[in-house]
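Asker: Sequence and predicted structure below; questions after.
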Amino acid sequence: MACEADGRFFVAVHVGAGYHAPSNEKALRSAMKRACLAAASILRKGSGGSVDAVGAAIKVLEDDPCTNAGRGSNLTEDGRVECDASVMDGESGAFGAVGAVQGVRNAIQIAVLLAKEQISGSSLLGRISPMFLVGEGARMWAKSKGVASDDIAEGADEWLVTERARNQWRRYRTMLDGAKAITNSTASEAQSCDLPYLNERGTQPYPPKTLEENGIADTVGVICVDSKGHIASGASSGGIALKVSGRVGLAAMYGCGCWASSRSPAGDPFNVGCCVSGAGEYLMKGFAARECCVSSALSDGGPVNACLRVLQSVNERSAGFLLVEADASATGVGISEKLKAVEIVAAYSSSSFGVGYFGSSMEQPKVSILRSTKVQNKNGVDQFAARINLDVEKQ
């Protein structure tokens with residue numbers, strides 16, 4: 001018996017592209033599985049819940065200390081947690097984001113509220129609803145909506161900082177202070193100090209030489225599709241290690257960390273969503289998530305070739321793209337659309353990429369830390385792709 005149309009759904013999650021230590025793999029797989037199940041609990045209720053499902057899944061990942069989002073995030077240069085997050089609704093185009101926000105346990109909750117206010121169009125005196133808030137202004141807005149309070153902020157700052165993050169910060173801060181103290185060295189000599197290369201997630205693209213294996217954490221992203229094929233995507237991150245306070249990264253920027261759309265550039269129905277992980281300062285310049293979705297809509301070679309083309313164009317050695325393309329169409333005049341199948345693509349130039357997915361035709365989520373085979377194509381990109389039929393019995 002085929003799955004009921006109004007109960008169909010699909011969710012895909014990632015925990016970043018970088019280097020995932022084998023010792024941390026079990027915890028990351030568990031986090032991805034729980035995130036998939038959290039989103040599924042909302043999507044099973046029917047259409048219209050994609051944005052909330054993205055928020056629920058990312059909240060699970062933010063609360064897990066093994067990721068670099070929410071609790072366990074990398075610390076700023078002055079030892080604080082500042083989070084970035086965003087969410088986008090493909091049907092309406094609504095986008096909500098927060099950047100460099102302190103004292104909030106779940107930055108994604110503020111982003112979801114911002115997006116939903118745009119969708120509802122509710123505002124006093126015809127004022128335009130904000131779409132992107134930063135710093136203390138974001139926290140105060142969240143406080144006015146009941147998401148944060150002054151009492152909660154003080155506790156949240158303490159809760160967000162884990163022992164692992166604090167120890168890592170101390171090591172990196174010592175290295176940085178040592179480098180600053182070298183006043184007589186040339187610029188090239190100063191740059192040769194033993195401070196590991198860190199990408200957007202505060203991770204290294206390949207196995208670290210100076211860090212313990214389980215000292216790695218990554219940014220997160222989620223894509224959800226409801227029973228009618230409506231798609232939404234979101235991202236959350238604590239940012240790069242030792243970042244300057246106030247720095248806003250890839251996860252919050254419009255068109256960069258996440259993108260979702262129900263139309264192709266030509267205006268034809270085309271449901272697609274993407275989340276991006278990598279060095280923000282490079283990927284933001286190319287509007288990576290949006291470009292991946294546009295490329296998928298225009299590509300004759302399918303979503304795999306689209307992702308590879310964009311990833312190769314940004315020339316970032318430790319990045320990952322997660323893309324979902326949904327097949328949803330009406331079977332006749334006056335009949336509403338229903339989700340039939342999805343294609344999921346993960347393309348990455350990093351050492352590994354943590355990915356999971358779950359659909360209504362599946363018995364349980366599939367989660368994996370994809371690892372580079374080192375037998376990459378000439379452009380150094382690995383990939384995973386699958387088509388999941390949601391119009392069948394559970395597998």
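Answerer: Received, thanks. Residues are numbered from 1 along each chain as shown.
Asker: which SS class is the residue most central in space within the chain?
Answerer: Of all residues in the chain, the one closest to the mean position by C-alpha atoms, centre = their mean is Gly221, 2.1 Å from it. Secondary structure for Gly221, judged by DSSP: H, G, I helix; E, B strand; the rest coil, is strand.
Asker: for Asp177, same thing?
Answerer: Relying on three-state DSSP, one would call Asp177 helix.
Asker: so how far is Lys116 from it?
Answerer: Per C-beta to C-beta, to the nearest Å, Asp177 is found 44 Å from Lys116. (Glycine included, C-beta is placed from N, CA and C.)
Asker: one step back: any idea which helix or strand carries the residue nearest to the residue nearest to the centre of the chain when sequence neighbours are not counted?
Answerer: Spatial nearest neighbour of Gly221, excluding adjacent residues (C-beta to C-beta, 6 or more residues apart in numbering): Cys275 at 2.9 Å. Per DSSP states H and E: Cys275 is located in strand 269-277.
Asker: re earlier: comparing Asp177 and Lys116, which residue is more hemmed in?
Answerer: Counting neighbours by other C-beta atoms under 10 Å for Asp177 and for Lys116 shows that Lys116 has the greater number, 19 against 9.
Asker: In contact with that one, which residues?
Answerer: Lys116 is in contact with 51, 94, 96, counting by C-beta atoms under 8 Å, 6 or more residues apart in numbering.
Asker: what's the answer for Lys145, then?
Answerer: Lys145 makes contact with 110, 113, according to C-beta under 8 Å, 6+ apart.
Asker: distance of it from Ala53?
Answerer: Lys145 is 20 Å from Ala53, by C-beta to C-beta.
Asker: now do Ile223
Answerer: For Ile223, the distance to Ala53 equals 10 Å [C-beta to C-beta].
Asker: any residues in contact with both of these two?
Answerer: With C-beta under 8 Å, 6+ apart, Ile223 and Ala53 have common neighbours 11, 232.
Asker: Of the two, which one has the most company?
Answerer: Legend: neighbour count by other C-beta under 10 Å for Ile223 and Ala53, higher for Ile223 (34 against 26).
Asker: Which residues does the residue nearest to Gly221 form beta bridges with?
Answerer: In this entry, Cys275 is beta-bridged to Cys258, Leu322, by DSSP bridges.
Asker: Where does pLDDT dip in the stretch 251-395 of the chain?
Answerer: For the stretch 251-395 of the chain, the stretches with pLDDT under 70 are 330-336, 374-379, 393-395.
Asker: mind listing the helices for it?
Answerer: 280-283, 288-298, 302-314 (DSSP state H, counting those that start in this stretch).
Asker: just checking, the residue nearest to the centre of the chain touches Ala235?
Answerer: Yes. With contact defined as C-beta atoms under 8 Å, Gly221 counts as touching Ala235 (4.5 Å).
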